[in-house]
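Asker: got a predicted model here, sequence first, then my questions.
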Amino acid sequence: MTRFAHTALVLYASAAVLVVELTALRLLAPYFGLSLETSTMVIGLALTAIAVGSWAGGWLADRRPPEQLLAPALALSGITVAVTPAVMRAAAAVDDVTLLLAAMVTIGVPGALLSAVTPIVTTVRLTTLEETGAVVGSLSGISTVGAIAGTVVTGFVLISRVAVSTILIGLGVSLVVLAVVVLVADRRPRAVPPLVLALVAASALTVAARGTCDAETTYHCAVLSADPDDPSLVTLELDGLRHSAVDLDDPTHLEFAYTQALAVVADQVLDSDGADEPRVLHLGAGGMTLPRYLAATRPGTASTVVEVDPGVAELNRTELGPLPDVDLVVDDARLVLDDLAPATFELVIGDAFGGISPPWHLTTREAVVAIEDALVDDGTYVANLIDYGPLSFAKAEVATAASVFEEIVLLAEPETIAGDGGGNLLVVATNGSVDSAALATGLESVGWEVLDDQELRDWYAGAPVLTDDYAPVDQLISAVR
């Protein structure tokens, strides 16, 4: 092989390591959360693989003909990469420990093999000791450039446009193609047919696993399922969790208890406000159940819906019936909040906090201040929280809201408030007033209760106020530890 070919191999192999690392974060996020701990784990695994591969590649290249090591390293890494989504999703169906072991294999094996390419090529390129510095330095630099390229292309281009499974199948195929090219160049064509068969099997397995998703969005594996007893009722699942239920025939039908509770709050707030065309900001789209409800029950409502995942927005446009008359904004909610004109909305509904790893930058005092600024003087912010006993995150979020707004109430099932298990909780915050008695009456059919005044202050006493400088939400949600 030529010097240019060797350089290209180093560049591409190093880029592939970072593609695997970044896509692994997407595959693990539905189960471990897109949290600091998940990122740390994946980065640690990748760096360990790079260290082991660099050492092992150099050690082997000193003991065997280095040219013969390139094709196996590329081929095995390609097959592993192609099968990664199927392996991780199958492991996740077992338990978290199995998923962690699968992640160690599917990140570690290709990471180590691809990192071995640089010391192998270095050994091939070294012909005299006098050029050691130039060869090692240039290939090290090329390897770093490849890693940068893999990071930039994956983060800014691939993940936002291509399904994760497709990215990994494509990468796996390209690595095996490179292995075939190396085998042909080294006059070893007999190894090509079994290699191609293994790649086809790995790709087919990943395609079959991807078939469990109706759509792979930027952030989620999305599944739409109709109720067998009521085909018009469609449930949107994101990464195996039921996020929304939409009745295509009756948008006033609210299936989940927490959406019924949100509707009770929204109705009370908008009834007391009395605006003919109330303005409502929804942070998080899901199936847009509440915007559909408000459009049906309060014609003229001006709803703005902010959703970070373009795939979820597209599912709403194409699969969940005609969209209500809303302004659907695909962007990060925190960025949208920072750009809003003050005193714009009568009601802000926050429904962007998942049950594994909430978007921490929406939980902080600074985010809540931005929400307060977007509300009219007596406007209301209601946020759907998901937490598990001992409810450390929910208490911190209530304390954070209480540091900004004058009046706070909490709505949830009695068992949830007591910290028995977990579930949904709604925090209602305003600088106006909250009619707790009316809320309690409206929530009777849902089976929820209202916690307010001193009883609520006692409930969250001692909880930290979250800020942009301190928001350990992943650690506060303790049940997933």
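Answerer: That came through fine.
Asker: just give the closest residue to I107, not the sequence neighbours.
Answerer: L45 (4.6 Å; C-beta to C-beta, 6 or more residues apart in numbering). From N, CA and C alone the C-beta is placed, and that goes for glycine too.
Asker: tell me if I'm right that that neighbour and M104 touch.
Answerer: Yes: using C-beta atoms under 8 Å, L45 is in contact with M104, at 6.1 Å.
Asker: out of those two, which sits in the more crowded spot?
Answerer: Between L45 and M104, L45 has the larger neighbour count (other C-beta atoms under 10 Å), namely 20 against 14.
Asker: what is the subsequent helix or strand relative to the helix or strand in which the more buried one is found?
Answerer: Secondary structure assignment for L45, by DSSP states H and E: helix 36-61. Remark: after helix 36-61, the chain's next helix or strand is helix 67-92, criterion DSSP H and E.
Asker: tilt between that next one and helix 36-61?
Answerer: 150 degrees (axes from the mean of the first three to the mean of the last three C-alpha atoms, to 10 degrees).
Asker: can you pull the buried residues of helix 67-92?
Answerer: Neighbour-count burial for helix 67-92, counted by 16 or more other C-beta atoms under 10 Å, picks out 67, 69-89, 91-92.
Asker: name the helices or strands packed onto the helix holding L45?
Answerer: helix 3-32, helix 67-92, helix 96-115, helix 117-125, helix 473-476 (3 or more C-beta pairs under 8 Å, 6 or more residues apart in numbering; DSSP states H and E).
Asker: so how far is the second one off the chain centroid?
Answerer: Same thing as helix 67-92. Offset of helix 67-92 from its chain centre (C-alpha atoms, centre = their mean, to the nearest Å): 23 Å.
Asker: any idea of the mean pLDDT in the longest strand along the chain?
Answerer: In terms of residue count, the longest strand belonging to the chain (DSSP state E) is strand 375-388. Model confidence over strand 375-388 averages 94 on the pLDDT scale.
Asker: wait, which of the helices and strands packed on helix 36-61 is closest to D351?
Answerer: Closest approach to D351 among the helices and strands packed on helix 36-61 (C-beta to C-beta): helix 473-476, 16.1 Å.
Asker: same for the closest one, what does it pack against?
Answerer: Contacts defined by 3+ C-beta pairs under 8 Å, 6+ apart place helix 473-476 against helix 36-61, helix 392-402.
Asker: most tightly packed of the ones you listed?
Answerer: Comparing the helices and strands packed on helix 473-476 by mean neighbour count (mean count of other C-beta atoms under 10 Å), helix 392-402 ranks first with a mean of 24.
Asker: quick one: mean pLDDT for the helix holding L45?
Answerer: Rounded mean pLDDT across helix 36-61 is 92.
Asker: for the stretch 51-200 of the chain, what are the low-confidence residue spans?
Answerer: Within the stretch 51-200 of the chain, the stretches with pLDDT under 70 are 129, 191.
Asker: swap that for the stretch 301-450 of the chain, sorry
Answerer: 354-356.
Asker: and the strands in it?
Answerer: With DSSP state E, counting those that start in this stretch applied, the stretch 301-450 of the chain shows strands at 302-307, 326-330, 345-350, 375-388, 407-412, 422-430, 449-452, listed in chain order.
Asker: may I see the buried residues of the second one?
Answerer: Okay, so that is strand 326-330. 326, 328-330.
Asker: make CSV out of those and add distance to L171.
Answerer: Shown next, in CSV, are these (distance: C-beta to C-beta, whole Å):
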residue, distance to L171
V326, 38
L328, 32
V329, 32
V330, 27
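Asker: looking at the residues you listed, which one is closest to S232?
Answerer: Nearest to S232, judged by C-beta to C-beta, of these is V326 at 20.6 Å.
Asker: next, work out how far apart the closest one and T297 are.
Answerer: 14 Å (C-beta to C-beta, to the nearest Å).
Asker: ok, now A275?
Answerer: For A275, the distance to T297 (C-beta to C-beta) stands at 14 Å.
Asker: with P189 instead?
Answerer: Per C-beta to C-beta, P189 is found 70 Å from T297.
Asker: which of these two has more neighbours?
Answerer: T297 (14 against 10).
Asker: now that one. Nearest residue, chain neighbours left out?
Answerer: Nearest one to T297, counting by C-beta to C-beta, 6+ apart, is T252 at 6.0 Å.
Asker: then A352?
Answerer: G284 (3.4 Å).
Asker: got a list of what that neighbour touches?
Answerer: Contacts for G284 were tallied using C-beta atoms under 8 Å, 6 or more residues apart in numbering; they are 306-307, 333, 350-353.
Asker: try 10 Å
Answerer: 243-244, 290, 305-309, 312, 333, 349-354, 359, 362, 383-384 (C-beta atoms under 10 Å, 6 or more residues apart in numbering).
Asker: show me the contacts for Y460.
Answerer: 391-392, 394-402, 408, 410, 427, 451.
Asker: how about a cut-off of 8 Å?
Answerer: 395-396, 398-399, 402.
Asker: tell me the pLDDT of the residue nearest to A352.
Answerer: G284 is given a pLDDT of 93.
Asker: and it, how far from V376?
Answerer: Distance from G284 to V376, by C-beta to C-beta: 21 Å.
Asker: thinking again about what came up before, the longest strand of the chain pairs with which strands?
Answerer: Partner strands for strand 375-388, per DSSP bridges, with pairing direction: strand 345-350 (parallel), strand 422-430 (antiparallel).
Asker: and the first one, what's buried?
Answerer: Which is strand 345-350. Quick answer for strand 345-350 (16+ other C-beta under 10 Å): 345-350.
Asker: just those residues now: which is nearest A112?
Answerer: Nearest to A112 among the buried residues of strand 345-350, with distances taken as C-beta to C-beta, is G350, at 42.8 Å.
Asker: chain center to stretch 97-114, what's the gap?
Answerer: On the basis of C-alpha atoms, centre = their mean, stretch 97-114 sits 20 Å off its chain's mean C-alpha point.
Asker: flag every buried residue along it.
Answerer: Those would be 99, 102-103, 106-114, for stretch 97-114 by 16+ other C-beta under 10 Å.
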